[in-house]
Structures are given as structure tokens and as C-alpha cells.
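Colleague: Starting from these lines, generate the structure:
(2 chains)
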Amino acid sequence: MSENIKIVKNATCTFCGCVCDDMELTVDLDKKQIIKAKNACVLGRAWFAEHTIQEGPVALIDGKESKLEDAIEEAAQTLTKAKFPITYGLSDTTCEAQRQAVAITDFIRGTIDTTTSVCHGPSGLAFQGVGESTMTLGEVKNRADFVMYWGGNPAESHPRHFTRYSVTPKGMFTPNGKKDRTVVLVDVRRTASTPVADIFLQVKPGKDFELAWAMRALVKGHTVDASIEEETGISLEVLTDLVERMKNCNYGVLFMGMGLTMTRGRHFNSGAIMALATDLNEFTHFVAKPVRGHGNVTGADNVVSWQTGYPFGVNFSKGYPRFNPGEFTTVDTLSRGDADAALIIASDPAANFPQAAINHLHKIPVVSFDTKETATSQLAHVAFRTSTYGINTGGTAYRMDDVPITLRPAFESPFPSDEEILTALKKRVHELVIAKSRSQGAGTAKVAAPIR
Amino acid sequence: MTSYIRISNGKVYDPSNNVDGQIQDICIENGKIVETVPADARKIDASGMVIMPGGVDIHCHIAGPKVNLARKLQPEDHRHDPHPGTLHTRSGSGGTVPSTFATGYRYATLGYTTAMEAAVTPIGARHTLEELHDTPVIDKGFYVLLGNNIFLQQLLKEGRKEEFKQAVAWWINSTKAYTTKLVNPGGDEPWKGKKNSNVSDIDEKVTETDISPRQIIDAFIDAVNELGLPHPPHVHCNNLGHSGNFKTTLETMRTAGDRRVHLAHIQFHSYAGEIGKNPGSAAREIADYVNDHPNISCDVGQVMFGKSTIMTADAPLAYMLRGIAKGKWVNADTECESGCGIVPFKYQEHVYVHAMQWAIGLELFLLSKDPWRIILSTDHPNGGSFMNYPKLIKLLMDSSFRKEELSRANQKAINKTLLPELDREYSLNEIAIITRAGPARCLGLSNKGHLGVGADADITIYDDQQDKELMFNAPRYVFKSGIPVISNHEFCEDHTGKLLHVAPDYDESIVDSVRPFFENYYSIEFDNYAVDDSYLHDHEIIPTINQ
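Modeller: The predicted structure follows:
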């Protein structure tokens, strides 16, 4: 260990949607490495340990080292020449960078989508359909005496969710922590999270909607047939008891995992859970919340919403934002072979998208932003190497409950941040768009008269 | 490079400087209004035009966590109302909750150049500042929600008034807010903690906290006055929307005595009748009290027929409204600080209650004797979008138009109000007061709302038209900080605008009292809570009277 050690208190881990901001990082400034992350979970420790500085060029054009300015010029030319450019990713970068990415996409009349479309996008659609009674996580800590997780395994995906926010913490009206709470888990199998639960319901795979709908019926006082057990794997007696507990708690919470959104039923499942929470407000205070995955995917939802009005899957080809998931969501666009250029930021679709989508990515010029070499950066026409948010650069990340937190960087990176390069790229793209418009003799587009 | 502009031959309405329709030149140098400019200054001929200061919206909901939830909730509201970009401006979407860019540009297309977001949770301040940065053209600020803050209520309960004041100042500094906002003070704990109930009497002691709404209101008025903030506490009274609530509103005003207070969207608090039954109008009682008490200012919160979005920190109210149509509903609890409810809504002419609300708002405007203290607002988007302002201005200026509109609304409701007998028509000078000079004065913005030397060059130039709705809908020129953002009805330059906030002095030792509470009951770290200066874009600190 070198002498050049720095301690960063109250640092934030941006690995998962918990966005825990109580890290105490011990940084070896000579080695440019975090050697200890106090308070971090197993995933957070790995996140901090793995983000070291790897030597390499800041930018590559077709795999060859390039000057940053040249790469920005090439990326700007590529994106402005395209007729159907798409922007994707964004969940592992700061809101400041996300804002620049939406601006670029607006100027080039492209399509912007985030990793939300492959995780809790269905919950976003369900939200638009039924609304949601929800809360910040501190309310769970302070008030919740009934906590239910459905279709998730936080012990492994969000290891501190139980201890920091929802099961064991002692709060204002929960002075005894877990003793003051009933914890229920609904899943298709037993997982590492199951031991935490007071009640475990093993639902048959693909039957979440049926189970949630039967619970809504019971909450509303309707009769549910005993055949519900055969259908869902849960007996009417167990369900009736559960619903009574829910109606009689003081403050109930339903957490939704991706076991709901990425299985049969998708947004119907999330919608059923949100509607169930709403229904329960006839009897007591009840809230629901999707357990979001990536560190700043919630920030991406927020930024895209405030700039365009829609959370993901937004197309600007007509000069204004349009929303159509299924058409403008990236997996669908690529699989159809529609896009003719792609700007991929802090995401690796070439490694985890369906094959048809990956095949199309190989055919079109890709501009990639990542902190390391990825499958996507390897196929990219222009690949930027950037610094890591929350470790090398500051900025803002939103927790899964929409609470924004300012990041405290631990050590400097030789690479620029996503935001810095995107800001330069935006400037150049805007210049090219204006030049293109003038050369085509087009007058200034007018703002349409608002319709009332 | 210095930029000079001379605007000549226009009819100027500048009530703060007693200019009422005289033809005068207005000179601009680098974003400020000056006495004169060199002969080679850019000249704008405003013959046949009306010149006013840029509009100031004292109460609207345009940025932050609840606004963004309402945006996300309603794709159907955006779809029919796109906002295309230009080479100079960003695109966006409209409806009752427009995207940030559309919000800024659309305010500009009405000649408004300043707007105040009226309700932000402290923990959501960072989010709000990010959105305001992306809200172009206008200058903006926000009011921070402190009326249901658990820590502050604990201090009150324990009689620690000095610490209460210091903590209020700390919270304002930590969030970069403009003033304090109280919404249904005392109502959040019953809503969150006792099975969705509420507080209904201003003197009722809330079980969880053992203090009453009146104690909270009284303490904030004292603290904010002592801190010398340019705008007093901005109060959303208890019992919003309930029949008979005018008594609560009067009691709230009486609590102030002769101390300054601003009552938000007072129309929603001027209902006679019995709780649970149809409301009647108590506009006369409320207007009389306001007329007689120069320490009170209010904005009307006019209801306009058509689509609206209810979004409020008054969560029990939103739940009640949700019960009417059983449509989609958002409730969002914020730890230790606030509640929130969102319901898409539509005011309909034929509905008794909606017609009554519409009429009461107009009564309040028309019964007001001092336009400087009854400010034009629709509590955007609660009473309707700010895009309704031109129509509202026409309703106030044109009594025959008002009578036409009145004849279409529910007659049972209309006939229970004074509206059919009120023939008053607002003058252009009075409109300039209720949309510009008045709100700027209430906010303590000495460089806004007027065209005197030294003022910010936020200027709107309208074609002088008979139809006031058309006129106020489409200014020919809009200058923001001297920049011609709109010229000949077209956007020709973008502009970011600046954040307006206050920074009252406080005793830093208060942090030692706040920190332990945080560590026990918040879910983020205390040292990560206060918003740092990196979230300020262009900004201006408006001094307190003590600074």
C-alpha cells in the first residue's frame, strides 16, 4: 500500500438502483484504485474494486487509435448523415450526460431509448395505465409494517435493500426493526431471499397476474373460487389470510421485481400490483414500487421524461417527440433492421441483445461510449473510452425511488467523462444540422401554434 | 460587445411607474432598461403596439418530482399537442404538463418571462433545479415545502422557536429555494400514519405531532418575517376544495394579524355550504377580508373549463378527487417532508361544482379593490394550463364575452353567485398589474414587473387588438434580459434564463440539531442532502431585507 491514501466519506455506489450513499472509500491515489469500500455489499465491493484505470486510447475509429477531436468530428458526421439514427443505453451514466444525449437525439431527429425498455419498461407502461401509490424508501424504513416482494431476489440483486431500507432498519414507527414488520415473498422458486420472509408464496410460473387479480377480488370483497389453488399454486385460505393482513396493516409496501415484467403478462402484471396497492388504500395506507436495476436507470427515465414528455422509446423523426414502445424501443428497431446508425452510451447491447438485433448492429456505424472494452465497442465505428461515474466523475444519480444524489468521485481518470464528450458532440452536431438546413435552403422551421 | 436597442412609438403600460398607455421610448443596454442609448442602437418601431413588462407567474407547477410523475403518467395528454423544435429551440410535448423546453417556450409565447414553481420537497430540490435548468427563456425559482416537515414540527412542539427559525433558514439555503411553502399544514401525518385521514380544523391538534395547523402557520409567518425574505410564507390552506372551507381560509388570514402572508389559489378556498354537500360561493366574504387587509396577498387559481391535471402536496385531496372518476391516481409519500397526489381531471361547464368554481374565481377578480394583491393564476395545471391566461384576460376585460361564457355554464350554480350582476371590466393597466407589476411586487422582485431604469429588460410587445385573447396569445416581440427571443412572432434566439433564490443568514450551529434527526429517520446521508452550487445555472440571489 502506498503512502498516498485518501478517504472519501459519504460516497455513492452506483452499481444498482439502491444507490447507497454511505460508502467510505479508501483510495490508493498512486495506483488509482479503491482498496476498500466500507459499508458496500458484495456487489458494490466488486464494482469499486474492478474500476481501475486501464491504459488505452481515449478514442478509436474503426479500431485505430484516434485523437479525441477527430473522433468527435467523425461521430458527429456519422450521426448527422444518418436517416434513422438511434440512441440507446444511458442507465450507467450521470443525468448531466443523459441530458446531453437527449439533446443530440433531438437535433438529429433520431430515436432515444434506455435500458428501461428491457427491464421495468412494462412497469412504466402500467404506471401510465393505472398510476401508482408510491413513496421514498425512507418511508418504508420509518413506517412500513407490511413489506411484500414479488418476483425478485433482492438478497442477490440488491443486497442492501433489506438492511438499509425495508426489512431490518429501525424507523420512526418501527422502533424494533424487523420485529415490527411482516415480510412476504412471492416467487416461482425458493431463493437466497426466501429466509428473510415470514410468509413465502410459491406461485406457479407465469401465474402472477392471476394471483394478483384474485387478491384484488378478495380486497374488494368478491368471492374467489377454491380452484385458484390449482391455477396459481396458492390456496384460497392462504390468500384470504394474506389479504386480511394487508388490509389491517398500518403502512403496506409492495416491491416489484423483474420476475413480473419480463415474464408472461409483463405490464399487466405490474399494473395488477399497482392497482392492488391502490385498492388497499380504501382500508389503509398502501404503496408500491418497482425495484430498479441499474445505478441511474431511474435518472434516465426522469431526464427523458422531462425533456420529451415520455420515459423511453421516443422518436423525433417528425421534429417533435413521439412515444411508441414496440416500435421505437431499441430491441425492436434493431431486430427489424430499421436503424442506420447508433449512439450507444454506457451499455453493451452487442453482448446481451437478441441475435437479430446484434446482427443489425454489425451492419451499421455505431458510436460507443464505455469505460472499458466491450462487445459493443469492438464492433463500433467510433469508440470513446470514458471515465466511470461515481468513481472518477461527479454528477447526479437517481435512486430507484426518484431521490437524486450527488456523486463524490474517488480519484481522477485520464479519460474524459461521458458528459464532456457528449457536450462537445452536441455542439458539433448542432452546427452540422444548422449548416445542413441552410445548404438545403430550408427556412427556419416554425414553432407550431399550440393546440388548446 | 454592448447591445443597444430603442423601442419607439408603442403604448406603454407600466403601472409601477404610473405609466398608463402613454407613448414612450424604451431603451435597453445589455439586458437592462436604461435612460437612453446611442443613436446607432437597433430600433424597433412599435407603432400600434402595446408594451408591457414581461409577465410574472407567482404560482404554477412546472418542474420537479411531482410534475415529472404527472408528465410520465399522461402520454395521451402530450400526443395531441406536439411542440416542434426549430433550429434555435428544442422540441418537446405539450398538454397540461408540458416537457420542460415546451414549458419555457410556451410561457414566452404568451409574453411571460418569469415563473415560480410553487411546491418542491426539499429532497426533490436537486431534481427541480435540473429541470429548471432545462426550462428555457424564463427566469424561475421555487418554493420549498416545509409545512409538514416532521423535524420542524418537533421543534415547534418543544417550543424551540429560535431553532425553528434557524432550521427554516438552513433548509432554504440547502435547497436554493425562494420562500417557504405550506400545504395543508399538519395534514400529512394523519394521511400517512392513520389510515388515510386528514386534519380538518385549523385548531385541531394532530395526534402524532400534538400541534395544530394554526401553530404551524403562525410560526412560519414569524420566522419568514424575521428572516426578512422578499416573499412571505406561501400558504395552501387546510380544507382545500371542501364546502364551507372559507371559514378556515378566514381563520388562516386572521392568524396572520397584520403580518405578511400570501394565500395560494384562493378560489379553491372560498367555498360556502356544508361539508359533503354542494358548495356555494363565499367570494364576497373572502374578497372583503383581502380588500381590508393590505398585509394579505393572494393568487386566484382560476378554474378554466377543459383538461387539467390535479397535482398537489395535498395528498388526501387528490385521493378524494380520485374517488370521483376512479381513474388513474398517483400518490407519492416523501420521507419526513411531504405527501403528494396526482389525478388527471377535466372541468366541465355543465357540472354544478365546476361551474361554481369557475364563477367564484371570476367573482374574486371582479370584487377585488386592489389589483396589486389579487394575482392572476390558474394554479397551473390544477385549474387549467397557463396557456389559458389569454382567455382568462378576455373574461376579465370583456363583460359581453363573459356573459356569453356564463350563459353556457351550469345555471343553477351561476345564479347562486354574484357573477351575473358584476359588470366590471379590467383595463389594460389593471391587467398589467395582475400579471406583471403585482406579482413582481408580492415576490419582492424589484427588477421585474416594471420598465423603469435599472429594471431587467424583460419586455413584451403585443399588437393592440380588440380581441384580447388573440392579443395576449401572440406577442409580436418578447425580450428576455434584452435578448429578442421572439421577433415578429417567431423564435429567433434561445435563452436559458436564470434561477432566482434567496440565501438568508443563519446560525450554522443549527446543523448539530438537524443531523441526529436525519441519521435516525432519513434514508440518505446528511452530508449528501444539501444542494451544492453546481446545480445553479445562471442565478441571482435576491437579498433579504436584512442583507
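
Colleague: Output stretch A:401-417 as PDB, restricted to C-alpha atoms.
Modeller: Extracted as PDB, the C-alpha positions of stretch A:401-417 are listed here (Å, rounded to 0.1, in the frame of the first residue of the first chain):
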ATOM      1  CA  ASP A 401     -37.400   6.000  -5.600                       C
ATOM      2  CA  ASP A 402     -36.600   9.100  -7.700                       C
ATOM      3  CA  VAL A 403     -34.300  10.600  -5.000                       C
ATOM      4  CA  PRO A 404     -31.400  12.400  -6.600                       C
ATOM      5  CA  ILE A 405     -28.000  12.000  -5.100                       C
ATOM      6  CA  THR A 406     -24.800  13.900  -5.900                       C
ATOM      7  CA  LEU A 407     -21.800  11.600  -6.600                       C
ATOM      8  CA  ARG A 408     -18.400  12.100  -4.900                       C
ATOM      9  CA  PRO A 409     -15.600  10.900  -7.200                       C
ATOM     10  CA  ALA A 410     -12.800   9.000  -5.600                       C
ATOM     11  CA  PHE A 411      -9.900   9.500  -7.900                       C
ATOM     12  CA  GLU A 412      -9.100  11.100 -11.300                       C
ATOM     13  CA  SER A 413      -9.200   9.300 -14.500                       C
ATOM     14  CA  PRO A 414      -7.100  10.200 -17.600                       C
ATOM     15  CA  PHE A 415     -10.300   9.700 -19.600                       C
ATOM     16  CA  PRO A 416     -13.000  12.400 -20.000                       C
ATOM     17  CA  SER A 417     -16.500  11.900 -18.700                       C
END
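
Colleague: For it, buried residues please.
Modeller: For stretch A:401-417, the neighbour count (16 or more other CB atoms under 10 Å in any protein chain shown) marks A:401-411, A:413, A:415-417 as buried. Yep, even glycine has a C-beta here, placed from its N, CA and C like the rest.

Colleague: Tell me which ones among those residues also neighbour chain B, please.
Modeller: A:402, A:403, A:404, A:405, A:406, A:408 (CB under 8 Å from any CB of the partner chain).

Colleague: who touches the helix or strand hosting the fourth one?
Modeller: What it means is residue A:405. According to DSSP states H and E, residue A:405 maps onto strand A:404-407. Contacting residues not belonging to strand A:404-407 are listed as A:11-12, A:14, A:19, A:21, A:94-95, A:299, A:389-390, A:393-399, B:124, B:126-127, B:130, B:524, B:528, B:531-532, B:534 [CB atoms under 8 Å, 6 or more residues apart in numbering or on different chains].

Colleague: Now the buried members of the residues you listed.
Modeller: Using 16+ other CB under 10 Å, the buried members of the contacts of strand A:404-407 are A:11-12, A:14, A:19, A:21, A:94-95, A:299, A:389-390, A:393-399, B:124, B:126-127, B:130, B:524, B:528, B:531.

Colleague: still on that earlier bit, and which of the buried residues of stretch A:401-417 is nearest to chain B?
Modeller: Chain B has its nearest neighbour among the buried residues of stretch A:401-417 in residue A:404, at 4.3 Å by CB to the nearest CB.

Colleague: excluding its backbone neighbours, what's nearest that closest one?
Modeller: residue B:126 (4.3 Å; CB to CB, 6 or more residues apart in numbering or on different chains).

Colleague: how about that neighbour, what does it touch?
Modeller: Contacts of residue B:126 by CB under 8 Å, 6+ apart are A:396, A:404, A:406, B:531, B:535.

Colleague: ok, the strand or helix carrying residue A:72 near chain B or not?
Modeller: If you go by DSSP H and E, residue A:72 is part of helix A:68-81. No. Helix A:68-81 is not in contact with chain B by CB under 8 Å from any CB; minimum separation 13.4 Å.
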